[in-house]
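In: attaching a predicted model along with its sequence, questions to come.
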Amino acid sequence: MTKLLNMTVTITPPVARLGETAPDSELVALLEGYSEPAILLTPNYRIVAANGAYRKTYGAGEDPRGRLCHSVSHGNDLSCDQAGEDCPLIESRRSGKPQRVLHIHHTPRGDEHVDVEIRPVGDGKGHIRYFLEIMRGARNVSARPSVRGLVGRSPAFIHMLELMQRVGPTEVTTLLLGESGTGKEEVARAIHRLSPRAGGAFVPVECSGLTETLFESELFGHEKGAFTGALSTHIGLVEAARGGTLFLDEIGDIPLQLQVKLLRLLETGTFRRVGSARTQQADFRLVCATHRNLSEMVRRGDFRQDLFYRINIFAIELPPLRDRPEDIPLLSETLLQRLPTGRDLGISREALNILSRYEFPGNVRELRNILERASLLTDCGTIQPKDLPTACIGVAPSPRVSAEAEDIVTLAEQERAYLHRAQRLHQGDRRSLAKKLGISERTLFRKLQALKLAP
């Protein structure tokens, strides 16, 4: 008997030992039951079987048997843990339980975000024979420039994406936290598209500035003649979101006296239109967002504690752009593709160098505004430093870049000088250096290799 999680498959008793390279035919056939790319691995990362979806996605139809999984998916001779990335196989081998992580994989289409799940396959006697690896492409997100969806590949972005991929397919109430301009509504839409309610409506509600009368009328709707000016029946946003997702943006701005009305809706799941005695059943998935510190507001008495606990079930912190500077080139190219200019636009390396030193208090929204302005000023189709606002150009060089590098044109040489200095000054190991630099150990290793610096 071979055990795969809670699934039991009857096969011929194994004759090989741990690490064998010839799995049973029935177990191999099981792989074809997955529509996603799936492989069987030995405990030392070697692929012994692959389904058609894996061969099509990663091998251009070729047979990957005998190759190491990280060689195929990452183009790397080192295992993920040695390259500074979480390896689900190692943790699954240690715990004997399924593991799941988000990686960036190399495919013939380019780099892609992939949700990797590892499941141990036992021999029925308490020993692990293989590991089943299933790879699901992360939807609504890209590691390359894209005309739609979220884009990014920095560690801070990937951490946010991992949480989004976990909560998206559920009905759990989600709270998005982050500064203005970090893309909270875009993340909320992505969560909606991942959910079982993706076929329903996504209804955003801007909570800032809603008066008590307007709040009830907008949220719950009103009957004809309910108040002066109510000339017809109005369906509220709660009703419009039936079967879909209700997104309450800037929920921290709802006045205290209105919070009790929202709390009642969430606790009872019912509402009444203004001017109506009929109680209706609400049916929506709730996603909230705020740039405020709700915990501090609760402490000051500006936000109801019971409402806070009702919405703070699964919180996701959206990183500010200054915490993901390595995403600025990718975001810039993406945003230029999305601008309705009617022409192809690019950005020079010198202009990117300037943007990489800017703090972006307005985050991604500010970056978009800067690029849109620059697109109107450039005549050659490539944004140059002179096309950027003086607020960006006047920024002092970042302390992360050596003063000597300021006269060097190429970013690669600046990065090489900086990493060389960081290696020389840092006293810890590579993992702690990567953490101090704000990147993953895998990213650091690749940069050192690319720049021909000793890891």
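Out: Looks like it arrived, so ask away.
In: looking at this protein, which helix or strand is least sure?
Out: For the chain, the helix or strand with the lowest mean confidence is strand 7-9, at a mean of 37 (criterion: mean pLDDT, DSSP states H and E).
In: doesn't residue 336 lie inside a helix?
Out: Yes: under DSSP: H, G, I helix; E, B strand; the rest coil, residue 336 falls within a helix.
In: for the closest residue in space to it that isn't next to it in sequence, phi and psi?
Out: In space, and not counting its chain neighbours, residue 336 is closest to residue 345: 4.5 Å by Cβ to Cβ, 6 or more residues apart in numbering. C-betas here are computed from N, CA, C, even on glycine. Taking degrees, to the nearest 10, you get phi -120, psi 150 for the backbone angles of residue 345.
In: domain ranges for this protein?
Out: Following automatic domain parsing, one gets these domains for the chain: 2-137, 168-317, 398-455.
In: of those domains, which approaches residue 374 most closely?
Out: In terms of Cβ to Cβ, the element of those nearest to residue 374 is domain 168-317, at 17.4 Å.
In: quick one on the thing from earlier: distance to residue 389 and mean neighbour count added to the domains of the chain, as CSV?
Out: Shown next, in CSV, are the domains of the chain (distance: least, Cβ to Cβ, whole Å; neighbours: other Cβ atoms under 10 Å):
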stretch, distance to residue 389, mean neighbour count
domain 2-137, 31, 17
domain 168-317, 16, 17
domain 398-455, 18, 15
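In: for residue 357, which of these is the nearest?
Out: Distance to residue 357, taken as Cβ to Cβ, is lowest for domain 398-455 among the domains of the chain, at 4.6 Å.
In: I'd like the average pLDDT over that closest one.
Out: Taken as a whole, domain 398-455 has a mean pLDDT of 64.
In: with stretch 31-41 instead?
Out: Mean predicted confidence for stretch 31-41 is 93.
In: check stretch 313-327 too.
Out: Average pLDDT, stretch 313-327: 96.
In: contacts for it?
Out: Residues from elsewhere that reach stretch 313-327, judged by Cβ atoms under 8 Å, 6 or more residues apart in numbering: 151-154, 156-157, 159-160, 163-164, 167, 172-179, 181-184, 187, 328, 331, 356, 359-360, 363-364, 366-367, 438-439, 443.
In: doesn't residue 84 make contact with residue 430?
Out: Yes: Residue 430 lies in contact with residue 84 (Cβ atoms under 8 Å); the separation is 7.0 Å.
In: quick check: neighbours shared by these two?
Out: By Cβ under 8 Å, 6+ apart, residue 430 and residue 84 have these common neighbours: 441, 444-445.
In: now do the same for residue 373: helix, strand or coil?
Out: Residue 373 ends up helix, using three-state DSSP.
In: give me the number of residues near the closest residue to it other than its chain neighbours?
Out: Spatial nearest neighbour of residue 373, excluding adjacent residues (Cβ to Cβ, 6+ apart): residue 389 at 6.8 Å. Number of residues near residue 389 (other Cβ atoms under 10 Å) recorded here: 14.
In: residue 389 against residue 371, yeah?
Out: No: with contact defined as Cβ under 8 Å, residue 389 does not reach residue 371; the gap is 10.7 Å.
In: show me what contacts the residue nearest the centre of the chain?
Out: In the chain, the C-alpha nearest the mean C-alpha coordinate belongs to residue 161, at 1.9 Å (Cα atoms, centre = their mean). By Cβ under 8 Å, 6+ apart, the residues touching residue 161 are 102, 113, 138, 141, 150, 152.
In: for residue 196, same thing?
Out: Taking Cβ under 8 Å, 6+ apart as the criterion, residue 196 is in contact with 169, 171.
In: state the distance from it to residue 285.
Out: Distance, residue 196 to residue 285, by Cβ to Cβ, to the nearest Å: 8 Å.
In: which neighbours do these two share?
Out: Shared contacts of residue 196 and residue 285, defined by Cβ under 8 Å, 6+ apart, comprise residue 171.
In: residue 348 reaches residue 380, doesn't it?
Out: No: the criterion here is Cβ under 8 Å, and residue 348 misses it with residue 380 at 9.6 Å.
In: looking at those two, which is more packed in?
Out: Shown here are residue 348 and residue 380; by other Cβ under 10 Å, residue 348 has more neighbours (15 against 10).
In: elements contacting the longest strand belonging to the chain?
Out: Taking DSSP state E as the criterion, the chain has its longest strand at strand 110-122. Other elements packing on strand 110-122 under the criterion 3 or more Cβ pairs under 8 Å, 6 or more residues apart in numbering; DSSP states H and E are strand 2-4, helix 88-95, strand 99-107, strand 128-137, strand 141-142, helix 155-167.
In: dump these into JSON lines; add distance to residue 191 as well.
Out: Below are the helices and strands packed on strand 110-122 laid out as JSON lines (distance: least, Cβ to Cβ, whole Å):
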{"stretch": "strand 2-4", "distance to residue 191": "30"}
{"stretch": "helix 88-95", "distance to residue 191": "23"}
{"stretch": "strand 99-107", "distance to residue 191": "15"}
{"stretch": "strand 128-137", "distance to residue 191": "16"}
{"stretch": "strand 141-142", "distance to residue 191": "11"}
{"stretch": "helix 155-167", "distance to residue 191": "6"}
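In: same list (the ones you listed) but as JSON lines, adding distance to residue 61 and mean pLDDT.
Out: Below are those laid out as JSON lines (distance: least, Cβ to Cβ, whole Å; pLDDT from 0 to 100):
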{"stretch": "strand 2-4", "distance to residue 61": "26", "mean pLDDT": "48"}
{"stretch": "helix 88-95", "distance to residue 61": "25", "mean pLDDT": "91"}
{"stretch": "strand 99-107", "distance to residue 61": "13", "mean pLDDT": "91"}
{"stretch": "strand 128-137", "distance to residue 61": "17", "mean pLDDT": "92"}
{"stretch": "strand 141-142", "distance to residue 61": "24", "mean pLDDT": "94"}
{"stretch": "helix 155-167", "distance to residue 61": "28", "mean pLDDT": "95"}
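In: which of those sits closest to residue 51?
Out: Across those, residue 51 has its closest neighbour in strand 128-137 (9.6 Å, Cβ to Cβ).
In: who does that closest one pair up with?
Out: Note on strand 128-137: by DSSP bridges, its sheet partners are strand 38-41 (antiparallel), strand 110-122 (antiparallel).
In: just how off-centre is the first one within its chain?
Out: Once both centres are worked out by Cα atoms, centre = their mean, to the nearest Å, strand 38-41 turns out to sit 25 Å from its chain's centre.
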